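**Student:** heads up, no residue letters with this:
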């Protein structure tokens, strides 16, 4: 093998190794971005579901108060009337 050919082969190998490392770094970065996006989505979903549950609880309490008030006045009307 000639010296020039050997040098080109060494350069090719070095470039290949550098590209492999760069590719691994890109893959690691993409995985980290994906995991961060997944954590963010999960946090948003949890917050949204918590808000919905709270609103349902408030509506249930208000409905209960309204129903109890109506029943109380009807019962009072029947007892007094």
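**Tutor:** Arrived safely, thanks for sending. None of these values were measured; they are calculated from a predicted model.
**Student:** would you map the helices across this protein?
**Tutor:** Secondary structure of the chain (DSSP state H): helices located at 3-80.
**Student:** any stretches of this structure with poor pLDDT?
**Tutor:** 1 (pLDDT under 70).
**Student:** find the centremost residue of it, please.
**Tutor:** The centre of the chain sits closest to residue 41, judged by CA atoms, centre = their mean, with a distance of 1.6 Å.
**Student:** and that residue, how far from residue 47?
**Tutor:** Distance, residue 41 to residue 47, by CB to CB, to the nearest Å: 11 Å. Yep, even glycine has a C-beta here, placed from its N, CA and C like the rest.
**Student:** with residue 60 instead?
**Tutor:** 20 Å.
**Student:** off-centre distance for stretch 15-23?
**Tutor:** 33 Å (CA atoms, centre = their mean, to the nearest Å).
**Student:** ugh, typo on my part, it should be stretch 5-20
**Tutor:** 42 Å.
**Student:** what does stretch 67-76 give?
**Tutor:** 45 Å.
**Student:** same question, stretch 74-81
**Tutor:** Stretch 74-81 sits 54 Å away from the centroid of its parent chain (CA atoms, centre = their mean).
**Student:** let me see the contact set for residue 21.
**Tutor:** Contacts for residue 21 (CB atoms under 8 Å, 6 or more residues apart in numbering) come out as none.
**Student:** quick one: it from residue 9, how far?
**Tutor:** 19 Å.
**Student:** also residue 25?
**Tutor:** Counting by CB to CB, the gap from residue 25 to residue 9 is 25 Å.
**Student:** check residue 52 too.
**Tutor:** Distance from residue 52 to residue 9, by CB to CB: 64 Å.
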